[in-house]
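Enquirer: coords please:
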Amino acid sequence: MNILIHPTYFPNVAHFVAIAKAEAVTFETDDNFLKQTYRSRTYIYAANGKLLLNIPVIHTQKNRQKYRDVKISQETNWQDLHWKSLLSAYKTSPFFEYYEDDLEPLFKTKSTFILDFNLKCFETICDCLQIEVDYFKTESYQKNIENNIDFRFLVNAKTEEPSFEPYTQVFDTKHGFLNNLSILDLLFNEGPNTLNYLESQTIKTP
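Expert: You can find the predicted model right below:
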């Protein structure tokens, strides 16, 4: 199947379930940037439960700003904070050390645009999963599409999330299974089995 989906910050499991099953992926890059979506946030499993990692962005005075034009704010050292949060949350997970060297450079080099950074994160995860995903980028926004299955609704952090089969998580004895976190959570806990897990799950469009 061919899908249309947003590139997000370390996409959640739902995004990657859709991508893992796709024959072709087109990324929506020409819509308007909205706050409180997965474009700039992801969730991980920390010692105290679900933890938000949010990328600060520069908001212009314009009412609307294209996703492709939004710049990352460098006023805070957010990359260092996010990396330390990942270390704290996953350093005892089975596969963190296996992927650490691939992921750390993302938090040591600065990117100007959030879209470019999200695509780097996506490509790095694909390398970790050892999958090749040839993707296209939209050049204009279309509300109604043909020839693609529309998964753009998944970018909304307030959308009702699909439920997935539980897997072992670092702190699940304290807080139970947390569903649909960042792909990083699945990767650090399942390692080479991540792709098998993704392919075994299902997700439906509204």
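
Enquirer: State the number of residues packed around residue 130.
Expert: Burial of residue 130 is recorded as 9 neighbouring residues (other Cβ atoms under 10 Å). (Each C-beta comes from the backbone N, C-alpha and C, glycine too.)

Enquirer: oh, and call the first residue 292 from now on, that's how I've got it
Expert: OK, 292 is where the count begins now, so the last one is residue 421.

Enquirer: Leaving out chain neighbours, which residue sits closest to it?
Expert: On the basis of Cβ to Cβ, 6 or more residues apart in numbering, the spatially nearest residue to residue 421 that is not a chain neighbour turns out to be residue 486, at 7.8 Å.

Enquirer: residues touching the one you found, list them.
Expert: Going by Cβ atoms under 8 Å, 6 or more residues apart in numbering, residue 486 touches 311, 420-422.

Enquirer: Go again with 7 Å.
Expert: 311, 420, 422 (Cβ atoms under 7 Å, 6 or more residues apart in numbering).

Enquirer: do the same with residue 300
Expert: 329-333, 346, 409, 412.

Enquirer: same thing but at 6 Å, please
Expert: 331, 333, 346, 409 (Cβ atoms under 6 Å, 6 or more residues apart in numbering).

Enquirer: follow-up on the earlier one: next step: the contacts of residue 486 restricted to helices.
Expert: Counting by DSSP state H, those place 311, 420 in helices.

Enquirer: Residue 317: which of the contacts of residue 486 is nearest?
Expert: Nearest to residue 317 among the contacts of residue 486: residue 311, at 15.6 Å, using Cβ to Cβ.

Enquirer: Run a quick neighbour tally on that closest one.
Expert: Residue 311 has 19 nearby residues by other Cβ under 10 Å.

Enquirer: And the contacts of residue 300, which two are furthest apart?
Expert: 333 and 409 (9.9 Å).

Enquirer: what's across from residue 328 in the sheet?
Expert: On the basis of DSSP bridges, residue 328 is bridged to residue 447.

Enquirer: number of nearby residues for it?
Expert: Neighbour count of residue 328, defined by other Cβ under 10 Å: 18.

Enquirer: Next one: it, what pLDDT does it get?
Expert: Per-residue pLDDT puts residue 328 at 94.

Enquirer: before we move on, what about the one 10 residues further on?
Expert: Predicted confidence (pLDDT) at residue 338: the value is 96.
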